[in-house]
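K.L.:
Sharing a sequence plus its predicted fold:
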Amino acid sequence: MKLIVLSNLAATLVMVGVVWFVQIVHYPLYTRINSDAFPHYEVEHVNRITFLVGPAMFIEAGTALLLLLSRPPGVPMWVLLFGLALVGIIWGITVFMNVPQHNQLSFQFDAEVHRSLLATNWIRTIAWSVRGVLMLWVASRLMTV
């Protein structure tokens, strides 16, 4: 059980760091990239970020589900359901909004698509931040059991 909680916590905290970096540093700098070079840059971004976040997101989602199926002692079920719901929100925005936005940007920079990407990524940033706090609380509960 502790390994599942710690794996979930680690994956979540990795994603908290990545999403804040991307939101505050990386995405805003998109406007500084030469328009001729932007499509190549965007394709490279997608390839490189997927290599980094793909495993972390799958570990986070899988262990969130495992935690729900085998609830740790002292952790209310609603906490795990809320955590899994946040994963669902994150994945939903990623798959149905961010991936299409990145696909559009891979052809050319579009200021409106970029603004939409920044806006929708704020939702993921907040959701992952809340998950980070939530999973720190869950881990702390295991330390007292």
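P.N.:
Thanks, I have the structure now. Numbers count the residues shown, from 1 in each chain.
K.L.:
For L52, see how far away V79 is.
P.N.:
28 Å (C-beta to C-beta, to the nearest Å). For every residue, glycine as well, the C-beta is placed using N, CA and C.
K.L.:
And the two? Which one has more around it.
P.N.:
With neighbours defined as other C-beta atoms under 10 Å, V79 and L52 compare such that V79 has more, 18 against 12.
K.L.:
Let me know the pLDDT of the closest residue to Q23 other than its chain neighbours.
P.N.:
With sequence-adjacent residues excluded and distances taken as C-beta to C-beta, 6 or more residues apart in numbering, Q23 is closest to T125, at 4.8 Å. Confidence at T125, expressed as pLDDT, is 98.
K.L.:
what about T125, which SS state?
P.N.:
helix (DSSP: H, G, I helix; E, B strand; the rest coil).
K.L.:
since we're on it, how many residues are nearby?
P.N.:
19.
K.L.:
you'd agree it is up against W20?
P.N.:
Yes - if you go by C-beta atoms under 8 Å, T125 and W20 touch, sitting 6.2 Å apart.
K.L.:
which residues are in contact with both of these two?
P.N.:
When C-beta atoms under 8 Å, 6 or more residues apart in numbering defines a contact, no residue borders T125 and W20 alike.
K.L.:
ok, back up a step: and the gap between the residue nearest to Q23 and Y27?
P.N.:
For T125, the distance to Y27 - C-beta to C-beta - is 10 Å.
K.L.:
related to what we said a few turns ago, can you name the residues that contact the residue nearest to Q23?
P.N.:
So T125 contacts 19-20, 23 (C-beta under 8 Å, 6+ apart).
K.L.:
Equivalent analysis for S129, please.
P.N.:
16, 19-20.
K.L.:
Name the nearest of those residues relative to S70.
P.N.:
V16 (24.0 Å; C-beta to C-beta).
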